[in-house]
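> show me the folded form of this:
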Amino acid sequence: MMSIDKSKPVILVLLDPSAAFDTVEYNVLFSRLKDMFGLSGKILEWFRSYLKQCSQRVSVNGILSDVQFLLSGLPQGSVRDPLFFTMYTHPLGITAQ
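Take a look at the predicted model:
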């Protein structure tokens, strides 16, 4: 507000993190877990099996749709999902030289 009062330029950036977890594509995440973090074998398969089980269905007037397995999006509410998101967005960060 002080900058506006002094007629200085102001830039406002707004981020909505509420939907950020929905943007995580599983194939990209698995690739990064392998290539950037060196995960392989049973641990990578554990991560893969955890996320490949994610599904959704819709109920309208008591009629359920078929189950659809998700190709993207992290379930929210567990401790590991923010970790997945951090690893997914790691290329956007600045690394020390």
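> quick one: buried residues of the helix or strand of the chain with the lowest mean pLDDT?
Lowest by mean pLDDT, DSSP states H and E among the helices and strands of the chain is helix 80-88, with a mean of 82. Buried residues in helix 80-88, counted by 16 or more other CB atoms under 10 Å: Asp81, Phe84, Phe85, Met87, Tyr88. From N, CA and C alone the C-beta is placed, and that goes for glycine too.
> for Val58, see how far away the second one is.
Counting by CB to CB, to the nearest Å, the gap from Phe84 to Val58 is 25 Å.
> what do you get for Asn27?
Relative to Val58, Asn27 is positioned 25 Å away (CB to CB).
> tell me which residues are up against the least confident helix or strand of the chain.
For helix 80-88, the external contacting residues (CB atoms under 8 Å, 6 or more residues apart in numbering) are 20-21, 24, 28-29, 32-33, 36-37, 47, 50-51, 74-75.
> now those residues in TSV, with neighbour count?
Below are the contacts of helix 80-88 laid out as TSV (neighbours: other CB atoms under 10 Å):
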residue	neighbour count
Ala20	13
Phe21	17
Val24	18
Val28	13
Leu29	20
Arg32	17
Leu33	20
Met36	11
Phe37	12
Phe47	19
Tyr50	14
Leu51	22
Leu74	23
Pro75	14
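> which stretches of the protein form helices?
For the chain, applying DSSP state H gives helices covering 2-5, 26-35, 41-52, 80-88.
> so which of those helices comes closest to Ser65?
When these are ranked by distance to Ser65, counting by CB to CB, first place goes to helix 41-52 at 19.4 Å.
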